[in-house]
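1. Predicted model and sequence below, questions to follow.
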Amino acid sequence: MDISHYQTLIFDCDGVILDSNRIKSEAFRTAALPYGDAAANALVSWHVANGGISRYQKFAHFLSEIVPAGLPGPDLETLLARYAEAVRDGLARCAVAPGLAALRARTQAARWLIVSGGDQAELRDVFAARGLADLFDGGIFGSPDNKDQILSRELTSGNITGPALFLGDSTYDHRAAHAAGLDFVFVFGWSEVRTWPEYVRSNGLAAIESLNALITPAVQLGKVDQVSEKRPKVSIITVVYNDPNGLEKTMASVASQVYKNYEFIVVDGASGSKTQDVIGKYRSMIDILISEPDAGIYDAMNKGIAVARGQYSIFMNSDDTFASSGTLSDICAHLDGLTAVIYGHRNYVTKGRKRLQEAHSIDYVTRRMPYCHQAAFYRTEILRKFPFNTTYKYAGDYNQVVELYVSGATFRSIDCVVCDYAAGGKSESGLRPYLEVLKIQFDNFGDKDMSKSVYMQGFLDNFPKLVEPYVNSGGKEI
């Protein structure tokens, strides 16, 4: 696409010039936390679904539509101040779009403007501090005026002259550009619009991953299928049974992900009404919902595998979350389509406290599980060849990893924290989990490696406590 004929180039800021979408999502949650986790998570979900409009509108909606009537908490001005404080440092440090200076050199005859939903004074301070302000000779504009108002005003004043091109990353950016009679290109690399490929197709739009693509005159735009393939689709599978609070926490984490080329699969074991209410609340973000009785967690996870359509799949079960809103985006670069399992570290969460637990090399599997299951991305076709063995009630995930390892599947460890794992899962205590993992080790690795087994050592160290529930008061087994 040759953009040299445009007299005016108009840029959104967040997700186009600055990689700041995830920063703002987290700032919204931080600001709203005095009203509780559920309200804060609901605000983040609404913010992500309504990208491009100002913080003023979002917090006004939060107070009028999300916060329960009569619930005490900060007013609008205090929320705005809390948000500004949380976002300030992030804007000063986040990445700037690659190739920006080169694009400015290539379009010297064009006037450049920023038209953003961010606070105007804040934007001007940040751009000045980062040495970006001089690139935008047409001005840097933001809220409290919305984008429709800004575009109308600048067109009327003659500051925007045609032909003009708007480069944005949200559906609102496109609507505002269309209403103003401007050409539009969707910049998807940092976008929070999960369904951008479908939106671009249905509206016949051009799409680029970053501004860097505009530096090459011969760049082909609008090839949505091709650019999507460079960003592999991920299936996020969440299994739940009667855990409304945990499910809502997980769903909010999924909704907050900056990387949007994913499908969300929820497998519910026919839970009660409270969990069903949470599912209903978030139904619009669920691509595939299975709600029926199952034969346990591994049966439910196999159901998710059966319907998954992503190139890679990850299990993020109820009460577990991604480590940050940028996790999927960070991991995406490592999903090469060839490696069977790509895994990272976890934060182990106990009573609100996080403790980093780093993953081990895959040969550690002969001693114990080398990584947390919620910190691993599996090629979906591999999962279909090696589904969970449902005869195991506690150690099906370990058995699956061992089967993959013995088969010669490829593994790769990356230095990235993938998940916050909630302590207290079914497989973490009691005699039966030990019996299952020890059987798996004996069956696959024999006796010779058992002296190094972390599970065997734990079994021996805790044997009296483990067998106590199975011994009667007379010291005889029952």
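-> Noted; the coordinates are in hand. Numbering: from 1, shown residues only.

2. Could I get the contacting residues of the residue lying closest to residue 83 once chain neighbours are set aside?
-> Spatial nearest neighbour of residue 83, excluding adjacent residues (C-beta to C-beta, 6 or more residues apart in numbering): residue 31 at 4.1 Å. C-beta coordinates here come from the backbone N, C-alpha and C atoms, glycine included. Counting by C-beta atoms under 8 Å, 6 or more residues apart in numbering, residue 31 touches 59, 79-80, 82-83, 86.

3. check which helix or strand covers residue 31.
-> helix 21-32 (DSSP states H and E).

4. avg pLDDT for that helix?
-> Here helix 21-32 scores 81 as its mean pLDDT.

5. Tell me, please, where in the stretch 1-150 of the chain the pLDDT is lower than the cut-off.
-> Within the stretch 1-150 of the chain, the ranges that satisfy pLDDT under 70 run 1-2, 51-52.

6. How about the stretch 201-350 of the chain?
-> 216-230.

7. Tell me the secondary structure at the closest residue to residue 242 other than its chain neighbours.
-> Counting by C-beta to C-beta, 6+ apart, residue 242 lies nearest to residue 271, which is 4.7 Å off, once chain neighbours are set aside. Under DSSP: H, G, I helix; E, B strand; the rest coil, residue 271 falls in the coil class.

8. Provide a list of residues in contact with residue 271.
-> With C-beta under 8 Å, 6+ apart, residue 271 has these contacts: 240-244, 279, 291.

9. show me where the stretch 51-200 of the chain has helices.
-> Along the stretch 51-200 of the chain, counting by DSSP state H, counting those that start in this stretch, helices occupy 55-61, 76-93, 100-106, 120-129, 147-157, 171-179, 196-203.

10. mind putting those in CSV, mean neighbour count and distance to residue 295 included?
-> Compiled in CSV, the helices of the stretch 51-200 of the chain are given as follows (neighbours: other C-beta atoms under 10 Å; distance: least, C-beta to C-beta, whole Å):
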stretch, mean neighbour count, distance to residue 295
helix 55-61, 19, 43
helix 76-93, 16, 45
helix 100-106, 16, 55
helix 120-129, 17, 54
helix 147-157, 17, 52
helix 171-179, 20, 42
helix 196-203, 16, 35
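
11. With distance to residue 461 as added columns, please give these in TSV.
-> Formatted as TSV, the helices of the stretch 51-200 of the chain follow (distance: least, C-beta to C-beta, whole Å):
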stretch	distance to residue 461
helix 55-61	53
helix 76-93	45
helix 100-106	58
helix 120-129	55
helix 147-157	63
helix 171-179	57
helix 196-203	52
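
12. what's the closest of these to residue 26?
-> helix 76-93 (7.3 Å; C-beta to C-beta).

13. Report all helices and strands that that closest one contacts.
-> helix 21-32, helix 55-61, helix 120-129 (3 or more C-beta pairs under 8 Å, 6 or more residues apart in numbering; DSSP states H and E).

14. out of those helices, nearest to residue 259?
-> helix 21-32 (9.5 Å).

15. and the closest one, how far out from the chain's middle?
-> Mean-position distance between helix 21-32 and its chain equals 14 Å (C-alpha atoms, centre = their mean, to the nearest Å).

16. Next secondary structure after it?
-> Next along from helix 21-32, by DSSP H and E: helix 37-49.

17. how about the helices in the stretch 301-450 of the chain?
-> If DSSP H, counting those that start in this stretch is used as the criterion, the helices of the stretch 301-450 of the chain fall at 327-332, 380-385, 396-407, 431-445.

18. Could you export stretch 277-286 as CSV, CA atoms only?
-> Coordinates of each C-alpha in stretch 277-286 appear next as CSV, following Å, rounded to 0.1, in the frame of the first residue of the first chain:
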residue,chain,number,x,y,z
ASP,A,277,-24.9,-17.3,36.8
VAL,A,278,-21.2,-16.6,36.3
ILE,A,279,-21.2,-18.5,33.0
GLY,A,280,-24.2,-16.5,31.9
LYS,A,281,-22.5,-13.2,32.9
TYR,A,282,-19.5,-14.0,30.7
ARG,A,283,-21.3,-16.0,28.0
SER,A,284,-20.5,-13.6,25.2
MET,A,285,-16.7,-14.3,25.5
ILE,A,286,-17.1,-18.1,25.6
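
19. For residue 367, which of the helices and strands packed on helix 76-93 is the nearest?
-> Here helix 21-32 is closest among those (C-beta to C-beta), at 36.0 Å.

20. so residue 235 is in which element?
-> Per DSSP H and E: strand 234-240 holds residue 235.

21. helices or strands next to that strand in the packing?
-> helix 244-255, strand 262-268, helix 297-307, strand 312-315.

22. what comes up buried for the first one?
-> Meaning helix 244-255. In terms of neighbour count (16 or more other C-beta atoms under 10 Å), helix 244-255 has its buried residues at 244, 246-255.

23. Relative to residue 122, how far out is the closest residue to residue 139 other than its chain neighbours?
-> Spatial nearest neighbour of residue 139, chain neighbours left out: residue 113 (5.6 Å); criterion: C-beta to C-beta, 6+ apart. Remark: distance between residue 113 and residue 122 (C-beta to C-beta, to the nearest Å) = 17 Å.

24. do residue 140 as well
-> 10 Å.

25. And residue 104, by the same measure?
-> Counting by C-beta to C-beta - residue 104 and residue 122 are separated by 22 Å.

26. Can you give the contact residues for stretch 333-345?
-> Contacts with stretch 333-345, where a contact means C-beta under 8 Å, 6+ apart, come from 232, 234, 311-312, 331, 356-359, 370-372, 375-379, 382, 401, 404, 409-418.

27. Parallel or antiparallel, list what pairs with the top strand by length along the chain.
-> Criterion DSSP state E: the longest strand present in the chain is strand 411-422. Sheet partners assigned to strand 411-422 using DSSP bridges are listed as strand 321-322 (antiparallel), strand 341-350 (parallel).

28. Helix 244-255 and that strand, what's the angle between them?
-> 140 degrees (axes from the mean of the first three to the mean of the last three C-alpha atoms, to 10 degrees).

29. is it true that residue 176 touches residue 148?
-> Yes. Using C-beta atoms under 8 Å, residue 176 is in contact with residue 148, at 5.2 Å.

30. nearest to residue 299, of the contacts of residue 271?
-> For the contacts of residue 271, the nearest to residue 299 is residue 241 (11.3 Å; C-beta to C-beta).

31. What's the local residue count around the closest one?
-> Using other C-beta atoms under 10 Å, the number of residues around residue 241 comes to 19.

32. check contacts around it.
-> Contacts for residue 241 (C-beta under 8 Å, 6+ apart) come out as 268-271, 275, 300, 318.

33. Return the member of those residues nearest to residue 191.
-> residue 318 (27.6 Å).

34. Isn't residue 308 up against residue 265?
-> Yes. Judged on C-beta under 8 Å, residue 308 makes contact with residue 265 at a distance of 6.3 Å.

35. Spit out the residues that contact those two alike.
-> 235, 237.

36. Now do residue 392 against residue 437, distance only.
-> Taking C-beta to C-beta, one finds residue 392 at 9 Å from residue 437.

37. out of these two, which sits in the busier spot?
-> residue 437 (25 against 21).

38. Could I get the contacting residues of the more buried one?
-> 368, 394-395, 398, 455.

39. Tell me which two in these are the farthest apart.
-> Among those, 368 and 394 lie farthest apart (C-beta to C-beta), at 13.9 Å.

40. which of the two has more neighbours?
-> Using other C-beta under 10 Å, the more surrounded residue of residue 368 and residue 394 is residue 394, with 22 against 17.
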